[in-house]
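Participant: Model the structure of this input:
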Amino acid sequence: MGTVKNTIKVYPVGNGDTLLVSLSDNQHLMIDCKIDNDAATNDDKFDIKEDLLSILPKDSDGRHHLDTFILTHPDNDHCAGFKDTFFCDDPANYDKDAKEPKAIIIDELWFSNTLFERFTCPLSQAAKNFKAEAKRRKDLFKSNPEKAKLSGNRIILIDFKDDCKDEGFESIIVEPGTATNVINKVTKSDFSIFVHGPFKTPTADSQERNETSVIMQLRFGAGNNAMAALAFVAGDADYNRFKRLLDERDDESIEWDLFLAPHHCSWTFFNMTPQAEFPEPQDSAIEYLQRQRGNGLVLASCKEIIDDDDNPPHHAAKQEYIGQIDESDFYCTGDDPLTPLIFEAGQNGFKKSEGSKAASAPIVINAVTDRAKTYG
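Facilitator: Sure, this is the predicted structure:
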C-alpha cells in the first residue's frame with residue numbers, strides 16, 4: 001500500500017466548501033461537499049467527482065470508498081451533489097445502476113441530531129438526501145446492529161450522551177468538547193479530531209442561519225508531536241461562536257496553523273451584517289485570529305474576492321484577515337477556479353503543495369468487509 005501524505009485538499013467550488021483530508025493508511029475523509037453534476041462537460045468547472053475517483057481506493061468489485069464524510073451544517077452550498085456523488089443505500093444493494101455513475105460508498109457517516117434540530121431554515125433537497133441517508137443508518141443500527149457495523153452502513157453521531165434517547169447509541173457518539181483519533185474504525189497515531197461544536201445550548205445573539213455548525217480542530221501528528229499541524233474548520237459559524245470558544249475552551253484546542261475562513265470569507269466572522277452598519281470587528285474575532293501558531297495560513301473557499309458589496313465573500317473581511325497574517329499566506333480558491341489548493345501537514349504546520357493530486361491512483365482493496373485487517 002502506497003504512502004499518502006497528510007494533506008488537506010480544498011476544491012474550487014465558488015461560495016461553498018468541499019475539503020478532502022488525506023491521511024496515512026490511504027484513508028480519506030471529506031468535510032462538506034458542493035459538487036456540480038455538469039462539471040464533466042463544463043470547461044469552466046473543476047470535475048471533483050472525477051478527481052475523487054482518481055484518488056479513492058476501490059474494493060475488489062471496483063467500487064470506490066470514502067472513509068468518512070462530515071457535514072458541518074445543512075446549507076446547500078455545503079451538501080450539494082451529495083446523492084449524485086455518493087451511494088445512498090445499503091452497499092448490499094449496489095448494483096449495475098449504481099456502478100454506471102460510479103457512486104462512491106461512504107464507509108462512515110458523521111451526523112449531528114443537535115445540528116439539524118437547531119437548524120430552523122428550510123432544508124434543500126441535498127440536505128434532505130443527507131438526512132435521509134443518516135436516518136437509514138440510524139434505523140439500521142437499531143434494527144440490525146451487526147449489519148450497521150459494516151462499511152457503507154456505519155454512522156457516528158456528534159451529540160451529547162446525556163441527551164441520547166436511543167439505547168445503545170452512546171457507543172457511536174463523539175461528544176463536542178472531546179477528541180477522537182478513530183477514523184473509520186482505524187485508530188490513528190498521526191491524526192485526531194477535536195470536536196468543538198455544536199455547543200449544547202444555543203449562543204445568544206447569533207445570526208439565525210449561522211447559529212450552529214460542527215466546529216473542529218484537525219490535529220496532524222509528525223514525529224513525536226501529536227499536534228504538529230492544526231487546521232480549524234467551522235462551517236458558517238459566526239463571531240459569537242468564536243467568542244464562546246475563547247470563553248469556554250481557552251486552551252490548545254482552539255489554536256490553529258490553517259484556518260478556513262467561516263462562511264466563505266463573510267463579514268459574519270467579524271461582526272453583524274451589513275458591514276456598513278457594523279464596521280468594527282469584534283474583539284473576539286481578532287483575538288481568535290491571534291491564536292495562530294507561527295505563520296498562520298487563512299484559506300477562503302469562495303469566488304474571487306473583489307472590492308464590491310458582496311457578502312460572502314466580503315472584501316473588508318479579507319482585509320481584516322491579512323491584517324493578522326502575511327498577505328502571501330491568504331489563499332482564495334476563486335483566484336484559480338480550475339485548480340484545487342492542497343496544503344501538506346508537517347513538523348511545523350502546513351505548507352502549500354504545488355501538486356494537483358492528494359494521492360496516487362487508487363489501489364484495489366479487499367472486499368468491503370475485509371479491508372487490510374483494519375477495514376470493515
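Participant: wait, what's in contact with the closest residue to Ile342 other than its chain neighbours?
Facilitator: The spatially closest residue to Ile342, leaving aside those adjacent along the chain, is Ser353, at 4.1 Å (Cβ to Cβ, 6 or more residues apart in numbering). (Glycine included, C-beta is placed from N, CA and C.) Contacts for Ser353 (Cβ atoms under 8 Å, 6 or more residues apart in numbering) come out as 7, 342-344.
Participant: What mean pLDDT does the helix ranked longest in the chain get?
Facilitator: The helix that spans the most residues within the chain, counting by DSSP state H, is helix 125-143. Here helix 125-143 scores 96 as its mean pLDDT.
Participant: Counting by contacts, list what that helix packs against.
Facilitator: Judged by 3 or more Cβ pairs under 8 Å, 6 or more residues apart in numbering; DSSP states H and E, helix 125-143 is in contact with strand 79-80, helix 82-85, strand 105-111, helix 145-148, strand 154-158.
Participant: coming back round to it: please tell me how far the residue nearest to Ile342 sits from Asn6.
Facilitator: 11 Å (Cβ to Cβ, to the nearest Å).
Participant: Find residues that contact each of the two.
Facilitator: In terms of Cβ under 8 Å, 6+ apart, Ser353 and Asn6 are both contacted by the residues Glu344.
Participant: Once you drop chain neighbours, what's closest to Lys34?
Facilitator: Here the residue nearest Lys34, using Cβ to Cβ, 6+ apart, is Gly16, at 3.3 Å.
Participant: Assign a three-state SS to the one you found, would you?
Facilitator: In three-state terms, and counting by DSSP: H, G, I helix; E, B strand; the rest coil, Gly16 is coil.
Participant: Now do it, the pLDDT please.
Facilitator: At Gly16, pLDDT is 95.
Participant: Just give me the neighbour total for it.
Facilitator: Close neighbours of Gly16, defined as other Cβ atoms under 10 Å, add up to 24.
Participant: Could you pull up the residues touching it?
Facilitator: Under the criterion of Cβ under 8 Å, 6+ apart, the contact list for Gly16 reads 32, 34, 77-78, 80, 264, 301.
Participant: I figured Ser213 hits Asp238, correct?
Facilitator: No - contact criterion Cβ atoms under 8 Å: Ser213 and Asp238 do not qualify, at 9.1 Å.
Participant: Residues that sit against both of those two, list them.
Facilitator: Pro262.
Participant: just the helices in the protein please.
Facilitator: Using DSSP H, helices in the chain cover 48-55, 82-85, 96-99, 113-118, 125-143, 145-148, 239-248, 262-265, 283-289, 315-322.
Participant: Highest mean neighbour count out of the helices and strands packed on helix 125-143?
Facilitator: Ranked by mean neighbour count under mean count of other Cβ atoms under 10 Å, the helices and strands packed on helix 125-143 are led by strand 79-80, which reaches a mean of 26.
Participant: what's it packed up against?
Facilitator: With 3+ Cβ pairs under 8 Å, 6+ apart as the test, strand 79-80 has strand 33-34, helix 125-143 packed against it.
Participant: I appreciate the help and will end here.
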